[in-house]
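**Q** I would like the atomic coordinates for the input below:
(chains A, B and C)
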Amino acid sequence: MNKGLPQDYLPLLIQFSLALGFVVMTIFASTYLGPRLRSKRKEDPFECGIESQGDARLPMSVKYFLIAILFVLFDVEIIFMYPWAVNFKKLGWFGFTEMLMFVGFLMAGFYYIIKKGVLNWDED
Amino acid sequence: MFESSIDRIPDVFMKVPLVNFVLLATMLFVIGIVGVLIRKNAIIIFMSIELMLNAVNMLLIAFSSYKSDPNGQIFVFFIMAVAAAEVAVGLAIIVMIFRNIKTIDISILNKLRG
Amino acid sequence: MYPIIVFSVSGLLMLFLGLSVNKKSLLPYNLLFMLVGLASNFLDWNAPGLYFNGMLEISNPIILVQWVLIFAAILVSGISSRQFDDTHAYPAEYYAIMQFALVGALIMVSFQNLLMLFVGLEILSVGLYVLTGSDKRNLRGNEAAIKYFLMGSFATGIFLFGVAMFYGATGSFDISSGNSVANNLLEGKMFFWLGMVFIFIGLLFKISAAPFHFWTADVYQGAPTVFSAFMATIVKTAVIFALFRLAAYSFNLEYENWSKFLVIIIGLSMVIGNVTAVFQTNFKRVLAFSSISQAGFMLLSLIGLGAQSYGNLGFYSLSYALATISAFGVFLVISSNTIVEGRPSENINVFDGLFSRNPDLAIILLISMLSLAGIPLTSGFWSKFFVLNDAAAKGYFWILILGVLMSAVSLYYYFNPIRASFKKTDLGKIEISSLSKYTLYVCAALTILFGIAPNILRSLF
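**A** Model (predicted):
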């Protein structure tokens, strides 16, 4: 058994460098080979319409932030479904009811969020 | 619980000695601690704490693999879920402070004195 | 086990009640839920064993400690009446978070697996980070919240590193597995020691023992007073019992190694807590530093690990909770009646002339201060007596002398508010809501009762 020797990872390294090389090559190729016009107007973020002003990093509404936080919370809870999914058959109905309870608690939280009006975009 | 899947992991992992994992995790952990102690920006301190938690996660997974015991990995799940909840609360606190004082540099927070 | 389920569900119910019920009627609901939780604990009585796949242990002493926790939460809710009446308060959420935090505390006193300890600790702490910052427009509250949050998660990180090392040494998260490495090789032993040290440091952060105490005063001062009371009693009780379980079940074979360091931490807590408190003018900071020194006394029962020390610790926790909650309760009433510069005054001179303004409150304050200082005929005396007795039995006489000496120092700052309350004043009477009045009466009465007959409580454990 010579599994796991350093040289066994050579194909992986080759694939990795190929992928990296392709990305770098396309970026450079499109910059230097493609036709290009250079002028002040052309370099603007928006070519037509009103002139852009201010910084691109505008303070965001706190609503986006709330949505992002809620997404992270509910997203991470999915992690507990992986062990259940792997052992789905072995755990049977017991696992199913437990998971139902877990999802029930999550949904109760979700219902509270909706009732509280956090997901309403129109208000104020 | 995970007998069938966990049996195959160790002989791949055994090529790297356990002590390497422990050293790497300890280094990451110490970087996190130093970050918490010397930085002033609340977000950076926060990131350092996350680094500490992730160092612990790696340590748990390394031990879990070497001992062929899935409990460590389940613990990591819990750490990740709880860390997400902590992130939510922590960021909410930081946003609350930012709304009041327009900065997140914690060194100007010195209202509480004896 | 049942209160955990009750409070998980009732916390959710509380959130939904907040959407439909008006603010003032939320407190009775909260008290009702807590009484249901208190009663549901009877179902576990005399049914010792491991529950939830060996994750939680239930036995009669543990149930008693859970009663102490729930009872303290009821008292804290009692003193919170009329505190959340203004428009910017969200009492439904506060009470719900208090119930969830209580779930964490209940798990922490009954865990059998380190996973449960971690989950309980985090449920408790994350809830309290929110409660600390619940007064959103108060800059001090904000500062306290971020300090508490950063220090708390830092401590959690350290604690988790210890847990990982413990796992590396024993291959299990069960707390009884700590004994399996007693005769191990040096390498496993090293992981075990590292784990032990880091777990201890993480939890000592949470209990605010001396070298890890620097956040305490700021957080107690900045947090809304009701939640300072919650932090001072329930968090401290839960964490000290978690430490006790670890010390008794996982690390008991290493007693010789950790007790030497712990006794130094205890000495430092007593000295720093009591000496710094003397120089404070803010009453919440006084109580914060007093809580640091009380944490030192509580840790003494870990040093005197023996058959009686669990009961002694339970007695200490209850008498400390009674005294602290009544101190915070009296202070809460007076300070919300004394507005200085648009905010409730927290200076120690709010107590000026309390005896003529409301004699009942002055006497309750007197009892609670005497109990905190450890004067005979109050429960505080017996609690200190028991833990010091335990430590002396193990041969740590110098800590006994230091403890008595520091109690003498503490008399100075505990007598400040009492002296102030007997000053002459021309300020008017103080009104107090009947619920908080009866809560304070109960605290004072129990303090005296356990001071005269400590064995009523102690024989239960």
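**Q** what about the helices in chain B?
**A** Under the criterion DSSP state H, helices of chain B are mapped to B:3-6, B:9-13, B:18-38, B:42-66, B:71-101.
**Q** hey, which helix is longest across the chain?
**A** This is for chain A. The residue-count maximum for a helix in chain A (DSSP H) belongs to helix A:88-116.
**Q** think we crossed wires, I meant chain C
**A** What stands out as the longest helix in chain C, according to DSSP H, is helix C:139-170.
**Q** check the offset of it from the chain's centre.
**A** The chain centroid and the centroid of helix C:139-170 are separated by 18 Å, computed with CA atoms, centre = their mean, to the nearest Å.
**Q** again, but for stretch C:11-31
**A** For stretch C:11-31, the distance from its own C-alpha centre to the chain's C-alpha centre is 25 Å (CA atoms, centre = their mean).
**Q** hmm, it in reach of chain B?
**A** No - contact between stretch C:11-31 and chain B, assessed by CB under 8 Å from any CB of the partner chain, is absent, since the two come no nearer than 14.6 Å. Just so you know, the C-beta spots here come from the backbone N, C-alpha and C atoms, and that holds for glycine as well.
**Q** ditto for stretch C:288-308
**A** No - with CB under 8 Å from any CB as the measure, stretch C:288-308 is seen stopping short of chain B, the closest distance being 9.2 Å.
**Q** if you count neighbours, what's buried in that stretch?
**A** By 16 or more other CB atoms under 10 Å in any protein chain shown, the buried positions in stretch C:288-308 come out as C:288-305, C:308.
**Q** same question for stretch C:443-458.
**A** Buried residues in stretch C:443-458 (16+ other CB under 10 Å): C:C443, C:A444, C:L446, C:T447, C:I448, C:F450, C:G451, C:P454, C:L457, C:R458.
**Q** show me which of those is closest to chain A.
**A** If you rank these by distance to chain A using CB to the nearest CB, C:C443 comes first, at 33.9 Å.
**Q** burial count for the nearest residue to that closest one once chain neighbours are set aside?
**A** With CB to CB, 6 or more residues apart in numbering or on different chains as the criterion, C:C443 has its nearest non-adjacent residue at 3.8 Å, and that residue is C:S326. Other residues near C:S326 number 29, with proximity taken as other CB atoms under 10 Å in any protein chain shown.
**Q** and C:F42, by the same measure?
**A** Taking other CB under 10 Å as the criterion, the count of residues near C:F42 is 11.
**Q** over to it. Which of the three states is it?
**A** Secondary structure, DSSP: H, G, I helix; E, B strand; the rest coil: C:F42 is helix.
**Q** so C:Q294 is in which element?
**A** Taking DSSP states H and E as the criterion, C:Q294 maps to helix C:283-303.
**Q** quick check: buried residues in the longest helix of chain A?
**A** In helix A:88-116, residues buried by neighbour count (16+ other CB under 10 Å) are A:L91, A:G95, A:M99, A:G109, A:Y112.
**Q** check stretch A:23-35 too.
**A** Judged by neighbour count (16+ other CB under 10 Å), stretch A:23-35 contains no buried residues.
**Q** what average pLDDT does it get?
**A** Mean pLDDT, taken over the full extent of stretch A:23-35, equals 86.
**Q** again, but for stretch C:244-263
**A** Averaging pLDDT residue by residue across stretch C:244-263 gives 86.
**Q** does any part of that stretch sit near chain B?
**A** No - contact of stretch C:244-263 with chain B (CB under 8 Å from any CB) is absent, the minimum separation being 15.7 Å.
**Q** for that stretch, give me every contacting residue.
**A** Here stretch C:244-263 makes contact (CB atoms under 8 Å, 6 or more residues apart in numbering or on different chains) with C:109, C:111, C:117, C:166, C:175-179, C:182, C:192-193, C:196, C:199-200, C:203, C:299, C:301-303, C:305, C:309-310, C:313, C:391, C:394, C:396, C:399.
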